[in-house]
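*Asks:* how would this look folded up:
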Amino acid sequence: MSMTAQTELLSGLTFRGLQGEIDYPAMLEIVRSSRQADQHDEPVSLENFQRDYAPTDEFDPSRQVILVCVPGEAAPVGYSRMGWYASNPDNRLYYHYGYLKADYRGTGVWEALVQQSEARLRAIASQHAPVAARSFQAWASDYQKDWIAVLDRTGYQVVRRFNNMLRPLDEIPQIPLPSGFSVHPVQPDEMRRVWEAQKEMNDGLFENVVEDWLDEKYPEWLANPGHTPHLWQVAWEGEQLAGMVLARIDAEDNEKHQRRRGLTEHIYVRPAWRKRGLASALIARSLQVLKDHGMQEAELGVDAENESAAYRLYQQLGYQTFYTDIWFRKPMDA
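*Replies:* Numbers count the residues shown, from 1 in each chain. Okay, the predicted model is just below:
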């Protein structure tokens, strides 16, 4: 595209909010084109938009979605979704992520959409109580080369990487529980203690969302249909919850991708019970239970800078990284 054509294109851009379900087909085509350009053709359907973009108490689509239109195109060619959360009491993170059709990459349209998203987030932030630090945040997977380049050009810096790891469920290591621990199916009256352990675990994580662990969120967590306590491996020493691996199978996702993959999530040993081999034993038990339920592989995600050396442990247990998620931030008040 010539400089003149690019200037005309950018000068003719218009931005608008989401108008409801009438926009979903156009958004679907945007996501499909965007993912094809990234060579990561993840399945997506209108049902995904009906579920993920419906208004809630915490999500106002008319305010938190921006669509970009270009001259000569009847339908939008890209869009951005926005939100915010706190990872600790002293900060607030204002995030956005976007999709753009392949034909308009490298034209400056994506950068213009980022600028619009930042302006909208600044307006939202002006209505919030002040905190010590405010930042814009965005995410990218390592295969999203164009989006990463856009974030680099608009002043974002990499602040963290998370490795997504996969392990085949062919040969499972036999690792006995250390002496003094027991594992039994989680009972209804023990669910609160699992919640408290998750809250304790997340409190020290880079990706913590403070709002998710407020006491009033417990009923919502408890009612989560994605919980699979019959697969969980939770270790106890007497009445004390010592460690856990909350294994899970997402049947809908497996059907969509035509695979049999389980998830080994929320791997956590509480500080008083560390360095006794408990994590390895619980992971091995989780791998076996997933295999027993017909899974062929297991996935987990781990902070590449995890201070507990979890990444090395997972490698030792046979997991291998298959892609990396990258977190970007830019100070809002700089």
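
*Asks:* Only C-alpha atoms from now on, for both contacts and neighbour counts.
*Replies:* OK.

*Asks:* so where does residue 280 fall, helix or strand?
*Replies:* Residue 280 is located in helix 278-292, with elements delineated by DSSP states H and E.

*Asks:* Could you grab the helix/strand/coil label for residue 301?
*Replies:* Under DSSP: H, G, I helix; E, B strand; the rest coil, residue 301 falls in the strand class.

*Asks:* and it, how far is that from residue 102?
*Replies:* Look at residue 301 and residue 102: by Cα to Cα, to the nearest Å, they are 29 Å apart.

*Asks:* What is the helix holding residue 280 packed up against?
*Replies:* Identification of packing neighbours for helix 278-292 by 3 or more Cα pairs under 8 Å, 6 or more residues apart in numbering; DSSP states H and E yields strand 233-237, strand 240-249, strand 261-269, strand 297-303.

*Asks:* let's go with 6 Å and repeat that
*Replies:* The criterion is 3 or more Cα pairs under 6 Å, 6 or more residues apart in numbering; DSSP states H and E, and there are no helices or strands that helix 278-292 contacts.

*Asks:* That one vs strand 297-303, what angle?
*Replies:* 150 degrees (axes from the mean of the first three to the mean of the last three Cα atoms, to 10 degrees).

*Asks:* Not counting sequence-adjacent ones, nearest residue to residue 106?
*Replies:* In space, and not counting its chain neighbours, residue 106 is closest to residue 146: 7.9 Å by Cα to Cα, 6 or more residues apart in numbering.

*Asks:* how deep is the one you found tucked in, by neighbour count?
*Replies:* 18 (other Cα atoms under 10 Å).

*Asks:* I'd like the distance between it and residue 14.
*Replies:* In this view, residue 146 and residue 14 are 22 Å apart by Cα to Cα.

*Asks:* With residue 240 instead?
*Replies:* Distance, residue 240 to residue 14, by Cα to Cα: 58 Å.

*Asks:* And the strands in the stretch 1-150 of the chain?
*Replies:* With strands called from DSSP state E, counting those that start in this stretch, the stretch 1-150 of the chain shows them at 14-17, 65-69, 78-85, 91-100, 133-141.

*Asks:* Save the ones you listed as JSON lines, and put in distance to residue 250 too.
*Replies:* Formatted as JSON lines, these follow (distance: least, Cα to Cα, whole Å):
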{"stretch": "strand 14-17", "distance to residue 250": "32"}
{"stretch": "strand 65-69", "distance to residue 250": "28"}
{"stretch": "strand 78-85", "distance to residue 250": "25"}
{"stretch": "strand 91-100", "distance to residue 250": "24"}
{"stretch": "strand 133-141", "distance to residue 250": "21"}
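
*Asks:* between the ones you listed, which gets nearest to residue 33?
*Replies:* Of all the strands of the stretch 1-150 of the chain, it is strand 91-100 that lies closest to residue 33, at 7.6 Å by Cα to Cα.

*Asks:* Just want the angle from the closest one to strand 65-69.
*Replies:* Put simply, strand 91-100 runs at 30 degrees to strand 65-69, going by the same axes, to 10 degrees.

*Asks:* Quick one: list the elements packing against strand 91-100.
*Replies:* Judged by 3+ Cα pairs under 6 Å, 6+ apart, strand 91-100 is in contact with helix 24-37, strand 78-85, strand 133-141.

*Asks:* buried set for the lengthiest helix in the chain?
*Replies:* In the chain, taking DSSP state H as the definition, the longest helix is helix 109-125. Using 16 or more other Cα atoms under 10 Å as the test for burial, helix 109-125 gives 109-114, 116-118, 120-122, 125.

*Asks:* With mean pLDDT, distance to residue 29 and mean neighbour count as extra columns, can I get the strands of the stretch 1-150 of the chain in CSV?
*Replies:* Below are the strands of the stretch 1-150 of the chain laid out as CSV (pLDDT from 0 to 100; distance: least, Cα to Cα, whole Å; neighbours: other Cα atoms under 10 Å):
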stretch, mean pLDDT, distance to residue 29, mean neighbour count
strand 14-17, 96, 17, 15
strand 65-69, 98, 13, 23
strand 78-85, 97, 9, 21
strand 91-100, 96, 10, 22
strand 133-141, 97, 20, 20
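
*Asks:* can you tell which of these is closest to residue 317?
*Replies:* Among the strands of the stretch 1-150 of the chain, strand 133-141 sits nearest to residue 317 (Cα to Cα), with 24.1 Å.

*Asks:* quick one, the closest one and strand 78-85 angle?
*Replies:* If you take the same axes, to 10 degrees, strand 133-141 sits at 130 degrees to strand 78-85.

*Asks:* Report all helices and strands that strand 133-141 contacts.
*Replies:* Here strand 133-141 touches strand 91-100, strand 320-331, going by 3+ Cα pairs under 6 Å, 6+ apart.
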